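**Student:** With the input below, show me the fold.
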Amino acid sequence: MPDSNLPSIQLANAITAQIGQLRRRLALAPPGEAAQILANVLDYDTGLLGEVTELVSTGSRFAKVNSERGILPPEVWLALGRAANELNSVGVDLTEHTGAIKKVAAPALSSSGPTAAPVASAMVVRRHR
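**Tutor:** Numbers count the residues shown, from 1 in each chain. Next up is the predicted model:
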């Protein structure tokens, strides 16, 4: 049984709890704040997604070494490697959309005149039917 008193395990548990808190706050946040949260999380250079990708990649290297020693089955290494690659791919895909998210997060530059209501794209409309 793993030792839950180890500082690294306590850190992992604390981070997991904080991510849960962040998820709940995101669900309740007004659009501007939610966009700020997402922009920070999805920033691949400094955000959560990039760090999680690196964490899984580090785990893959750990699994590789221990697979070669016969401690872990090679499937564990392969699965972690695939997960790291997929997370990286998702991060690259999302990077092109963070600009749009940041625009929602940015405060309005001028409050003169009414602003047009956002219009849902055809894809969004189809998904909600």
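
**Student:** Any stretches of this structure with poor pLDDT?
**Tutor:** Residue ranges of the chain with pLDDT under 70: 1-2, 108-129.

**Student:** okay, which residue is most central for it?
**Tutor:** What sits nearest the mean C-alpha location of the chain, by Cα atoms, centre = their mean, is residue 49, with 3.5 Å.

**Student:** so which strand or helix has that one?
**Tutor:** According to DSSP states H and E, residue 49 maps onto helix 48-68.

**Student:** other SSEs contacting that helix?
**Tutor:** Applying 3 or more Cβ pairs under 8 Å, 6 or more residues apart in numbering; DSSP states H and E, one finds that helix 48-68 makes contact with helix 31-42, helix 74-95. All C-beta spots, glycine's among them, are computed from the backbone N, C-alpha and C.

**Student:** and the residue nearest to the centre of the chain, what does it touch?
**Tutor:** 41-43, 87, 90-91, 94 (Cβ atoms under 8 Å, 6 or more residues apart in numbering).

**Student:** One more: residue 57?
**Tutor:** By Cβ under 8 Å, 6+ apart, the contact set of residue 57 is 84, 88.
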